[in-house]
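Trainee: The sequence and its predicted three-dimensional model are supplied below.
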Amino acid sequence: MIVRTDTGGGLPSPVSFATQNQLLWAVRVRWLVIGGFLFLALVVHAVGLFGSIAPCLRAAVCGVILNGLNHWYVRQRRRVTLVTAVAIPLDHVLITYVVVNTGGVQSPFIMMYVVQVLATAMLVDTRVAALSAVFAMLTWLLGISLLSAGHLQAPPLFATDSGLGPASSTSVYHGMWAAFLLYCLSLLVYLGGYISNRLRTSERDLEDRNRRLQDALASLSTAHKDLTGAYDRLKQAEAHLVQSEKMRSLGQLVAGVAHELSNPISFVSANVEHLRTYVNALAQALDAYGSLPLPADERARVEARRRELQVDRALADLPSLLDDCEEGARRTKRIVNELRTFARSDRHDSWERVDLHRGIDSTLALLTHRLKEHITVHRDYDELPEVECLPGPLNQVFMNLLANAADAIGLKNGNVWIATRLLSADPAVPGGPMVAIAIRDDGVGMPPDLQTKVFDPFFTTKAVGQGTGLGLSVSYGIVERHGGTLALASVPGAGSTFTVTLPVRQPQTPPPTSG
């Protein structure tokens with residue numbers, strides 16, 4: 001229990017045995033004890049009990065002065081500890097004085113010890129009450145011992161001139177005891193009511209605190225869910241940023257590689273056709289030389305040399321060798337173009353508002369030869385606004401995703417589902433509303449360890465020579481350039497779903513390109 005008290009310098013400091021409110025209640029109870037004790041003493045004296053009322057009056061006057069000082073100090077919050085420590089022992093001294101002078105062991109005021117100790121326990125502190133009980137017992141034993149030894153002279157219990165007979169005196173004495181006992185019980189009921197009220201108040205306070213704690217717990221739970229969601233979004237954003245940075249760094253590297261390869265491949269591709277022309281001319285020249293009239297021995301020598309050099313075999317193989325060189329140059333050029341696209345070095349595209357459904361349908365038309373025989377395409381188109389985008393690169397994304405779906409199905413009969421949806425506007429997205437394009441197949445699917453690698457450059461699950469591993473990387477970069485996302489969901493043996501989300505409108509300045 002803590003109260004604020006003045007230590008003499010005007011500054012408040014805490015003490016550790018009672019609150020001011022409880023001490024004020026203790027002061028009020030003491031007023032009731034003094035008033036009730038004095039009233040009962042006057043009543044029983046009027047009926048012939050107590051030969052002299054003077055000891056009761058002296059004790060009452062001292063009690064009033066002591067409790068008045070105690071009341072003032074408690075209200076002023078000054079020297080509360082010291083005043084209380086002095087007041088409680090003096091109470092017991094006054095009670096002992098009254099008991100000794102009102103019949104000793106026969107005095108009805110012995111009950112005041114009980115009331116004093118109980119009031120101290122209820123209103124001050126149990127440790128202080130224990131010390132108070134010990135001090136009360138010591139003072140009572142001292143007073144009774146002095147009285148028994150003759151050092152103190154107690155006035156007679158009944159006045160000698162009261163005129164009461166023995167029976168009447170006994171009745172008065174018992175009545176006085178009953179009245180004082182009833183008065184003490186009333187004080188205890190009063191204290192019990194105070195304690196009960198304090199308990200109910202404490203219960204209400206605990207209920208209010210418990211309710212506030214539950215509300216705080218609910219708020220913390222909501223905040224925890226929000227933080228968990230924010231943490232998950234941050235993890236996704238971090239993964240997206242890592243992927244974007246990886247794409248950006250690789251884009252710079254690939255742009256340089258593509259530039260260095262472009263010129264040599266152009267030389268090879270351009271010179272193959274000239275080489276084919278020169279080879280045909282040389283073959284015609286050799287045929288012309290072979291048709292010239294020569295002597296038999298010279299012709300035999302020329303024919304032998306021709307067989308030794310395998311000229312006819314070389315002329316027969318040259319067309320296929322040139323075809324292979326031309327095909328190799330064409331494949332290399334296609335790889336260089338994909339590298340350029342991955343590096344996003346083509347800066348000549350213009351941003352246009354287009355119908356995505358038309359772009360998807362045109363891409364499906366280009367893939368008819370791969371889809372029409374064994375793959376069924378299911379369209380589930382939502383009503384979409386025109387989307388501001390780069391039509392050429394975006395159609396390339398659709399081409400790559402649909403081609404991958406066809407490769408995942410393979411030669412078996414399968415299905416491809418294409419669904420488009422208009423998503424609600426997100427205030428955090430500069431372009432406003434978003435559109436989603438989901439391309440799903442019922443092919444072989446992918447295990448989790450491969451799903452994390454599909455957007456890495458040069459990663460492919462296809463056989464050697466069937467894929468460059470750049471299709472999905474290029475698609476990821478194109479979608480990112482549009483300010484959108486490209487996500488994969490796949491279950492081994494149950495197919496894969498690639499979902500492209502794009503803003504309907506681009507910011508005023510399109511995302512910068514690298515490479």
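Mentor: Now that the structure is in, tell me what you want to look at.
Trainee: hey, let's count contacts and neighbours off CA atoms from now on
Mentor: OK.
Trainee: Could you check which helix or strand contains residue 353?
Mentor: Assigning secondary structure by DSSP states H and E places residue 353 in strand 352-354.
Trainee: Check the offset of that strand from the chain's centre.
Mentor: Averaging C-alpha coordinates over strand 352-354 and over its chain gives two centres that are 42 Å apart (Cα atoms, centre = their mean, to the nearest Å).
Trainee: Give me the next element, helix or strand, following it.
Mentor: helix 356-366.
Trainee: Mind listing residues that contact whatever helix or strand comes next after that following helix?
Mentor: Taking DSSP H and E as the definition, the helix or strand that follows helix 356-366 towards the C-terminus is helix 368-371. Residues external to helix 368-371 that are found in contact with it (Cα atoms under 8 Å, 6 or more residues apart in numbering): 377, 406.
Trainee: I'd like the distance from helix 368-371 to the chain centre, please.
Mentor: Here helix 368-371 is found 50 Å from its chain centre; the criterion is Cα atoms, centre = their mean.
Trainee: Strand partners (parallel or antiparallel) of the helix or strand following it?
Mentor: If you walk from helix 368-371 toward the C-terminus, the next helix or strand you reach (DSSP H and E) is strand 375-380. Here the strand partners of strand 375-380, with direction, are listed using DSSP bridges: strand 414-423 (parallel).
Trainee: what about dumping the CA coordinates of the strand it pairs with to CSV?
Mentor: Taking C-alpha atoms only, strand 414-423 is exported to CSV below (Å, rounded to 0.1, in the frame of the first residue of the first chain):
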residue,chain,number,x,y,z
GLY,A,414,-4.4,-32.6,-73.9
ASN,A,415,-6.0,-29.2,-73.1
VAL,A,416,-5.0,-25.6,-72.7
TRP,A,417,-7.2,-23.2,-70.8
ILE,A,418,-6.9,-19.4,-71.3
ALA,A,419,-8.7,-17.2,-68.9
THR,A,420,-8.7,-13.4,-68.6
ARG,A,421,-10.0,-11.4,-65.7
LEU,A,422,-10.3,-7.7,-64.8
LEU,A,423,-9.0,-7.2,-61.2
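Trainee: now the angle from that strand to helix 356-366?
Mentor: Interaxial angle of strand 414-423 relative to helix 356-366 (axes from the mean of the first three to the mean of the last three Cα atoms, to 10 degrees): 160 degrees.
Trainee: contact partners of strand 414-423?
Mentor: With contacts defined as Cα under 8 Å, 6+ apart, strand 414-423 is touched by 374-384, 405, 433-443.
Trainee: Ok, stretch 132-151 next?
Mentor: 88-89, 92-93, 96-97, 100, 104-105, 113, 117, 120, 152-154.
Trainee: Repeat that for stretch 281-301.
Mentor: Stretch 281-301 is touched from outside by residue 315, with contacts defined as Cα under 8 Å, 6+ apart.
Trainee: for that stretch, which positions count as buried?
Mentor: Buried residues in stretch 281-301, counting neighbours by 16 or more other Cα atoms under 10 Å, are found at residue 283.
Trainee: Please apply the same query to stretch 191-210.
Mentor: For stretch 191-210, a neighbour-count test (16+ other Cα under 10 Å) marks 191, 194 as buried.
Trainee: now swap in stretch 95-107 and tell me
Mentor: Neighbour-count burial for stretch 95-107 [16+ other Cα under 10 Å]: 95-104, 107.
Trainee: Now render those as TSV, adding distance to residue 477.
Mentor: Supplementary listing: the buried residues of stretch 95-107 in TSV, determined by distance: Cα to Cα, whole Å:
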residue	distance to residue 477
95	97
96	99
97	102
98	102
99	102
100	105
101	107
102	107
103	108
104	106
107	104
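Trainee: And the spatially most central residue of the chain, how close does it get to residue 305?
Mentor: For the chain, the residue sitting closest to the mean C-alpha position, by Cα atoms, centre = their mean, is residue 224 at 2.6 Å. Here residue 224 is placed at a distance of 90 Å from residue 305 (Cα to Cα, to the nearest Å).
Trainee: and if you look at residue 378?
Mentor: Summarising the geometry, the distance separating residue 378 from residue 305, computed by Cα to Cα, is 66 Å.
Trainee: what does residue 286 give?
Mentor: Here the distance between residue 286 and residue 305 works out to 13 Å (Cα to Cα).
Trainee: Just the helices from the stretch 1-150 of the chain, written as ranges.
Mentor: Along the stretch 1-150 of the chain, the stretches classed as helices by DSSP state H, counting those that start in this stretch are 20-46, 54-76, 80-100, 111-123, 126-149.
Trainee: got the contact list for the second one?
Mentor: Outside helix 54-76, the residues within contact range by Cα under 8 Å, 6+ apart are 20, 23-24, 27, 30-31, 34, 38, 41, 79-80, 83-84, 87, 91, 94-95, 97-98, 101.
Trainee: From those, list the buried ones, please.
Mentor: Buried among the contacts of helix 54-76 (16+ other Cα under 10 Å): 20, 23-24, 27, 30-31, 34, 38, 41, 79-80, 83-84, 87, 91, 94-95, 97-98, 101.
Trainee: OK, contacts around residue 176?
Mentor: When contacts are counted by Cα under 8 Å, 6+ apart, residue 176 is found next to 40, 44, 108.
Trainee: Tell me the one of the contacts of stretch 132-151 nearest residue 334?
Mentor: residue 120 (99.5 Å; Cα to Cα).
Trainee: could I get the contacts of residue 176 as CSV with distance to residue 274?
Mentor: Converted to CSV, the contacts of residue 176 look like this (distance: Cα to Cα, whole Å):
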residue, distance to residue 274
40, 139
44, 145
108, 139
